[in-house]
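> this one's structure only:
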């Protein structure tokens, strides 16, 4: 009996499993971040959070390029991605809120619990990722939020208010830009490329701010916040003024593969 031939070349299988391994590596960075937070090595923790963000930023693009859903149909890459995103974008920053001095001691457990519970709701919504590739509701960027609160050194009460307002925004149907899927942000390719470049520049500025901490740089802080304001403004604008002829229906929640 002849052995069954593979539907894809061996290199395609290797590439697909390497992409899955890359996605899974985000969990390792999350674990290392938790260890660092436990030891109150907060700057180190943010470096591991940043590494997890880097992985999450391009593993979906690689997955689509090598067509992992076709090559490895029994491996649910979207589920793997969701699990790791919940760890890195929710559990790790919630633990940071609990361990650090960002909040008044009586509010640390309640606010961390609110972050976890509202994010659980967000992650299980079928339309959390819209058909035109936006996040519906505040997309649980808690790791980025605590990074800014850590840099700003704002008062614990102000931090609590900011976190609670963002938790409420999870339920407000604003469509937030998905930086690696901007087909329906604008028809102009150069604008999409400019937005991607701005996002990469923001990431570089964030890394520099973390590297020089506890020193700071007013210009970098201003430019970093300008990107955040622009991101929020562009998201609200595209929510109110969507592009015509968008696809109907939904994709799976936070599906990236």
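Nice, thanks for sending it over. Only a predicted model underlies this, so the values are computations on that prediction, with no experimental measurement involved.
> Mind checking what secondary structure residue 171 has?
Under DSSP: H, G, I helix; E, B strand; the rest coil, residue 171 falls in the coil class.
> Tell me, how many residues neighbour the residue nearest to it when sequence neighbours are not counted?
Among residues not flanking residue 171 along the chain, residue 137 sits closest, at 6.3 Å (C-beta to C-beta, 6 or more residues apart in numbering). Every C-beta, even on glycine, is put in place using the N, C-alpha and C of the backbone. Counted with other C-beta atoms under 10 Å, the neighbours of residue 137 add up to 20.
> swap in the one 5 residues further on?
Taking other C-beta under 10 Å as the neighbour definition, residue 142 ends up with a count of 27.
> per-residue pLDDT, it?
Model confidence at residue 142, expressed as pLDDT, equals 97.
> Test my guess that it contacts residue 88.
No - look at residue 142 against residue 88 with C-beta atoms under 8 Å: they stay out of range, at 9.4 Å.
> low pLDDT regions in the stretch 151-257 of the chain?
Flagging of the stretch 151-257 of the chain using pLDDT under 70 yields the residue ranges 245-257.
> Strands along that one, start to end?
Using DSSP state E, counting those that start in this stretch, the strands of the stretch 151-257 of the chain run over 175-177.
> residue boundaries of the helices in the protein?
Secondary structure of the chain (DSSP state H): helices at 10-38, 42-66, 68-71, 77-86, 92-99, 105-123, 142-152, 156-169, 189-212, 218-240.
> elements contacting the last one?
Going back to what we said before, that points to helix 218-240. For helix 218-240, the elements it packs on are strand 134-136, strand 175-177, helix 189-212, judged by 3 or more C-beta pairs under 8 Å, 6 or more residues apart in numbering; DSSP states H and E.
> repeat that with 6 Å
strand 175-177, helix 189-212 (3 or more C-beta pairs under 6 Å, 6 or more residues apart in numbering; DSSP states H and E).
> hang on, the earlier thing: can you redo the helices of the chain as a markdown table with distance to residue 179?
Converted to a markdown table, those look like this (distance: least, C-beta to C-beta, whole Å):
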| stretch | distance to residue 179 |
| --- | --- |
| helix 10-38 | 17 |
| helix 42-66 | 7 |
| helix 68-71 | 21 |
| helix 77-86 | 14 |
| helix 92-99 | 19 |
| helix 105-123 | 18 |
| helix 142-152 | 12 |
| helix 156-169 | 18 |
| helix 189-212 | 5 |
| helix 218-240 | 8 |
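> Nearest to residue 131, out of the ones you listed?
The closest of these to residue 131 is helix 218-240. By C-beta to C-beta, the value is 13.6 Å.
> Show me the contact partners of that closest one.
If you take C-beta atoms under 6 Å, 6 or more residues apart in numbering as the criterion, helix 218-240 is touched by 174-177, 198, 202, 205, 208-209.
> if we go to 10 Å?
Under the criterion C-beta atoms under 10 Å, 6 or more residues apart in numbering, residues 132, 134-136, 138-139, 141, 144, 148, 151-152, 172-179, 182, 184-186, 191, 195, 198-199, 201-206, 208-209, 212, 217 lie in contact with helix 218-240.
> Now list the buried members of those.
132, 134-136, 138-139, 141, 144, 148, 151, 174-179, 182, 184-185, 195, 198-199, 202-203, 205-206, 209 (16 or more other C-beta atoms under 10 Å).
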